[in-house]
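Novice: requesting a structural model of the entry that follows:
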Amino acid sequence: KVADVRRNLARDPSAPVPDPEPEPDGPWNPTFEEVEKADRSRRLSRLFEVLSAKQRDVLVLRVIHGFSAEETANTLGMASAGAVRVTQHRALNELRRVLREDPGYAGGFAIF
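Specialist: From the prediction side, this is the model:
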């Protein structure tokens, strides 16, 4: 029985090997999530190029950071929360228009 076990072990030389540790100075090897995030960021940047600086600021504060209209007005020094809402509305309509005219403009973004 001992001889059989040794013979079987000799026939199967495979042994589990641990995954190699990433090299600190080696090439960048991004994860799928990192690639997706970078691509989404690139597409949003391209899409935001059609907006004015004020429209971009309003959308970033309202949509991405979740500020209220009042907080956004105070942060950007705008006259009122109503002005923020109007600016946001116009910005979103502009993005819709661009995406309707050329759905591939921002790399196929399917928003709005």
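Novice: remind me, longest helix of this protein?
Specialist: helix 81-101 (DSSP state H).
Novice: buried ones in that one?
Specialist: For helix 81-101, burial by neighbour count (16 or more other Cβ atoms under 10 Å) applies to 83, 84, 87, 88, 91, 92, 95, 98, 99. Placement of C-beta: from N, CA and C, glycine included.
Novice: cool, stretch 43-53 as well?
Specialist: Across stretch 43-53, burial judged by 16+ other Cβ under 10 Å covers 43, 44, 47, 48, 50, 51.
Novice: cool, stretch 2-19 as well?
Specialist: Residues of stretch 2-19 include none that count as buried (16+ other Cβ under 10 Å).
Novice: can you count the residues close to residue 74?
Specialist: Neighbours of residue 74 under the rule other Cβ atoms under 10 Å: 13.
Novice: below-threshold pLDDT in the chain: ranges please.
Specialist: Along the chain, the model assigns pLDDT under 70 to residues 13, 22-28, 105-112.
Novice: show me the helices in it, by range?
Specialist: Under DSSP H, the chain gives helices at 2-11, 32-48, 53-59, 69-76, 81-101.
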